[in-house]
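Trainee: Predicted model, plus sequence, below.
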Amino acid sequence: MNGLMLEKQLLISSLIAHADRHHGDTEIVSRRVEGDIHRYTYRDCHRRARQMANALTRLGVRASERVGTLAWNGYRHMELYYGISGMGAVMHTINPRLHVDQIVYIANHAQDQYIFFDLSFLPLIEAIADRCGSVKAFVAMTDREHMPKDAGIANLLCYEDLIDESSPGYTWPEFDENSACSLCYTSGTTGNPKGVLYSHRSLLLHTYAAALPDALNCSAKDVLLPVVPMFHVNAWGIPYVACMVGAKLVFPGPGLDGKSLYELIEAEQVTFAAGVPTVWQGLLNHVAQGDLTFSTFERTLIGGAACPSSMLRTFQETYGVDVVHAWGMTELSPIGTVGVMKARHRAMSPEDRYITQAKQGRAVFGVDMKIVDGLGDELAWDGVTAGDLLVRGPWIASDYFLNQGESPLLRDGAGRGWFPTGDVATIDTDGFMQITDRSKDVIKSGGEWISSIEIENIATSHPAIECAACIAARHPKWDERPLLLVVKRPGESLTADEVLTFLRGRIAKWWTPDAVVFIDALPIGATGKVLKNRLREAFQDYLLR
Ligand code: AMP
């Protein structure tokens, strides 16, 4: 027997329609590529998203076709999020930081019909235009006045012209909530990037879960600053959460340096911001150098890579900004776990609480997780035993877009599909998951595993260390031994012996790195993560020399 409930498909367009109707005056503020600050409201955004849907229809875009974007976080990108998905086409966010050949591969693989781009990416568009066979035209996300002159692109359209020529009279179509709404490619260290294809239903469910108090905890009282790019897993869902709860939204555009972020946080009274640790390091450096404080900034979501404990402490103890540490993946839309304390943690000593907070957190409702050994047998949740982390749930990928190879899913005894995250983790009795490594970054010394993340975490709590990466270096006796690569804070002096002395007593003796090497900077990839494979290429034979 079916329940007697009204049938209503879960569609992305309902989010912006809701924000318009119930929070129509709430602002969306953007730092623009043109240099100024732009502000308007959800009502304006909804109107222009409908105009864009009309424009796309006129351009011949049909349901399920892909429309690409190469753009920063800003209001025009937001209009595309809703205009493209809302009309039934697929919003394909492309990461402009990828290598140009990968961008060409992605645009061709997705068969993008149009690519919208911010002016800062004009040189990139000029470089790829002739190589993207499916693209009918490129659309510069600007007005007529700022349109590039003499651009070497055959089919170039102007975003504001498209809006001006289109009526806001558009009714969002109703269709199956399982239809695809957006596409984001994830690049592993080997092979071609793979497309994760989200559905309206999966993202709506993810949005409900993301907004929960023990997740992002967002409400209409908030001012949200997604620093995480809209080209990296939908800015972790914040453009959707903001509409669902009616929060003011602040977009940083290309200004991701500490000074620009600080100015925006203060001027717009931001309460919540989300980003990867490398971005926050820039903000913290700026604030420390200028002896500045925050007046409204309450909490920050840090994820994408492990949040160093030193960063946790600085945010909380020095600036009174609560840190929420979260873990996710492109394949998870992205939220998997969030590190929000439980009532019983209130009684913990601050030091113990920091240990728990440094973990990646507990699963949000909707995400089922387990750790398994090499045979696929489930391991204990004792906070010590580490195994391969598997997940499943309604916003977790079941396959990659147009995948020619095998399904990524693993089957358990009952034949249910689990997505193998490629992360190695422990889970404690409270359900807090802790990533100890990417499976390919784990250091296997004499058959035992050493957690590179834990060593890095401790090293970066040294006041003279800006950042550090621990990698597996080849060893004649133990196969692999840890090698610690360290970037000093500007003006600090530090020796390898001092680093090793600092680690002593804080990690098991046999985890002590065989060498400490000082380098100028860590290589950072397109999504803000340290490129350990590049470090391994350069340093894996260091101990054999
Ligand atoms: P991506 O799909 O690019 O978002 O990358 C997902 C991967 O980033 C995960 O599988 C983890 O290895 C890593 N990651 C994400 N969040 C965290 C975190 N809080 N701590 C450690 N690693 C993380």
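Mentor: Structure received. Numbering: from 1, shown residues only.

Trainee: I'd like to know how far the residue in the stretch 151-300 of the chain positioned nearest to the ligand sits from residue 524.
Mentor: Using CB to the nearest ligand atom, the closest approach of the stretch 151-300 of the chain to the ligand is made by residue 186 at 4.7 Å. No exception for glycine: its C-beta is placed from N, CA and C like everyone else's. Distance of residue 186 to residue 524, computed by CB to CB, to the nearest Å: 17 Å.

Trainee: Which residues of the stretch 201-350 of the chain lie near the ligand?
Mentor: Counting by CB under 6 Å from any ligand atom, the residues of the stretch 201-350 of the chain close to the ligand are 233, 303-306, 325-330, 334.

Trainee: rerun at 8 Å
Mentor: By the rule CB under 8 Å from any ligand atom, the part of the stretch 201-350 of the chain lying against the ligand is 232-233, 302-307, 325-332, 334.

Trainee: The chain too?
Mentor: 186-187, 232-233, 302-307, 325-332, 334, 360-361, 421-423, 435, 438, 453, 527, 529.

Trainee: Recalculate using a threshold of 6 Å.
Mentor: So the chain meets the ligand at 186, 233, 303-306, 325-330, 334, 360, 421-423, 435, 438, 527 (CB under 6 Å from any ligand atom).

Trainee: now, which of the residues of the stretch 201-350 of the chain next to the ligand lie within strands?
Mentor: 302, 325-328 (DSSP state E).

Trainee: Separate out the buried members of the residues of the stretch 201-350 of the chain next to the ligand.
Mentor: 232-233, 302-307, 325-332, 334 (16 or more other CB atoms under 10 Å).

Trainee: residue boundaries of the helices in the stretch 151-300 of the chain?
Mentor: 159-164, 200-211, 233-236, 238-245, 258-267, 277-289 (DSSP state H, counting those that start in this stretch).

Trainee: and these, which one is worst for confidence?
Mentor: Sorting the helices of the stretch 151-300 of the chain by mean pLDDT places helix 277-289 lowest, at a mean of 93.

Trainee: Make CSV out of the helices of the stretch 151-300 of the chain and add distance to residue 375.
Mentor: Formatted as CSV, these follow (distance: least, CB to CB, whole Å):
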stretch, distance to residue 375
helix 159-164, 54
helix 200-211, 31
helix 233-236, 31
helix 238-245, 39
helix 258-267, 47
helix 277-289, 34
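
Trainee: Can you tell me the strand partners of the one helix or strand in the chain whose mean pLDDT sits lowest and which way each runs?
Mentor: Every helix and strand of the chain was ranked by mean pLDDT, DSSP states H and E. The lowest is strand 448-450, at a mean of 85. The pairing partners recorded for strand 448-450 under DSSP bridges are strand 443-445 (antiparallel).

Trainee: mind listing what's buried in the strand it pairs with?
Mentor: Buried positions in strand 443-445, judged by neighbour count with 16+ other CB under 10 Å: 443, 445.

Trainee: what is the mean pLDDT for it?
Mentor: Rounded mean pLDDT across strand 443-445 is 89.

Trainee: which residues touch that strand?
Mentor: Under the contact criterion CB atoms under 8 Å, 6 or more residues apart in numbering, strand 443-445 has outside partners 437, 449-452, 470-472, 475, 478-482, 510.

Trainee: Pick the one among those closest to residue 545.
Mentor: Taking CB to CB as the measure, residue 545 lies nearest residue 475 of the contacts of strand 443-445, at 12.0 Å.

Trainee: residue contacts, the closest one?
Mentor: So residue 475 contacts 445, 481, 514, 543-544 (CB under 8 Å, 6+ apart).

Trainee: now the helices for the stretch 301-450 of the chain?
Mentor: Going by DSSP H, counting those that start in this stretch, the stretch 301-450 of the chain shows helices at 309-313, 319, 350-357.

Trainee: helices or strands up against the last one?
Mentor: Contacts defined by 3 or more CB pairs under 8 Å, 6 or more residues apart in numbering; DSSP states H and E place helix 350-357 against helix 309-313.

Trainee: doesn't residue 169 make contact with residue 47?
Mentor: No - here residue 47 does not reach residue 169: they are 10.1 Å apart, not a contact under CB atoms under 8 Å.

Trainee: So for the two, which sits in the more crowded spot?
Mentor: Neighbour tally, residue 47 and residue 169, criterion other CB atoms under 10 Å: the higher count belongs to residue 47, 17 against 8.

Trainee: any idea which helix or strand carries the more buried one?
Mentor: helix 42-58 (DSSP states H and E).

Trainee: which residues touch that helix?
Mentor: Taking CB under 8 Å, 6+ apart as the rule, helix 42-58 contacts 16-17, 19-20, 23-26, 28, 67, 75, 78-84, 86-87, 89, 114, 162-163, 165-170, 172, 243, 246.

Trainee: Drop anything exposed from these.
Mentor: 16-17, 19-20, 23, 26, 28, 67, 75, 78-84, 86-87, 89, 114, 162-163, 166, 170, 172, 243, 246.

Trainee: Please list the members of these that lie in helices.
Mentor: 16-17, 19-20, 23, 75, 78-84, 86-87, 162-163, 243 (DSSP state H).

Trainee: who touches the nearest residue to residue 397 once chain neighbours are set aside in this structure?
Mentor: Excluding the flanking residues, the one nearest residue 397 by CB to CB, 6 or more residues apart in numbering is residue 331, at 4.1 Å. Residues near residue 331 by CB under 8 Å, 6+ apart: 186, 196, 396-397, 408, 419, 421.

Trainee: again, but for residue 39
Mentor: So residue 39 contacts 27-30 (CB under 8 Å, 6+ apart).

Trainee: try it again with 7 Å
Mentor: 27, 29 (CB atoms under 7 Å, 6 or more residues apart in numbering).

Trainee: SS state for it?
Mentor: strand (DSSP: H, G, I helix; E, B strand; the rest coil).

Trainee: Make 26 the starting number, not 1.
Mentor: OK, 26 is where the count begins now, so the last one is residue 64.

Trainee: quick one: it from residue 56, how far?
Mentor: 11 Å.

Trainee: what's the answer for residue 496, then?
Mentor: Counting by CB to CB, the gap from residue 496 to residue 56 is 36 Å.

Trainee: Check residue 233 too.
Mentor: Counting by CB to CB, the gap from residue 233 to residue 56 is 29 Å.

Trainee: out of those two, which sits in the busier spot?
Mentor: A direct count of neighbours by other CB under 10 Å for residue 233 and residue 56 places residue 56 higher, at 24 against 16.

Trainee: ok, now which ones touch the more buried one?
Mentor: 62, 276-278, 280, 285, 289.

Trainee: cool, and residue 557?
Mentor: 466, 494, 496.

Trainee: Residue 408 too?
Mentor: Contacts of residue 408 (CB under 7 Å, 6+ apart): 451, 453-454.

Trainee: Just the buried residues from these, in ChimeraX please.
Mentor: Applying 16+ other CB under 10 Å to the contacts of residue 408, the buried members can be selected in ChimeraX as follows:
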select :451
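
Trainee: Can you tell me which of the contacts of residue 408 is nearest the ligand?
Mentor: residue 451 (12.7 Å).

Trainee: Okay, that closest one and residue 457: tell me how far apart.
Mentor: 9 Å.

Trainee: ok so, going back, deepest in the core, which of the helices of the stretch 326-475 of the chain is it.
Mentor: Highest mean neighbour count of the helices of the stretch 326-475 of the chain: helix 334-338, a mean of 20 (counted as mean count of other CB atoms under 10 Å).

Trainee: for it, packing partners?
Mentor: For helix 334-338, the elements it packs on are helix 375-382, judged by 3 or more CB pairs under 7 Å, 6 or more residues apart in numbering; DSSP states H and E.

Trainee: Identify all contacting residues around the helix it packs on.
Mentor: Here helix 375-382 has contacts from 334, 337-338, 348, 350, 364, 366, 370, 457, using CB under 7 Å, 6+ apart.

Trainee: if we go to 8 Å?
Mentor: 334, 337-338, 348, 350, 364, 366, 370, 373, 455, 457.

Trainee: What average pLDDT does it get?
Mentor: 93.

Trainee: Just the CA atoms of that helix, as CSV, please.
Mentor: What follows is helix 375-382, C-alpha atoms only, in CSV (Å, rounded to 0.1, in the frame of the first residue of the first chain):
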residue,chain,number,x,y,z
PRO,A,375,40.0,20.7,26.0
GLU,A,376,43.0,18.5,25.0
ASP,A,377,40.9,15.4,24.5
ARG,A,378,38.3,17.5,22.6
TYR,A,379,41.0,18.7,20.2
ILE,A,380,41.9,15.1,19.6
THR,A,381,38.3,14.3,18.7
GLN,A,382,37.9,17.5,16.7
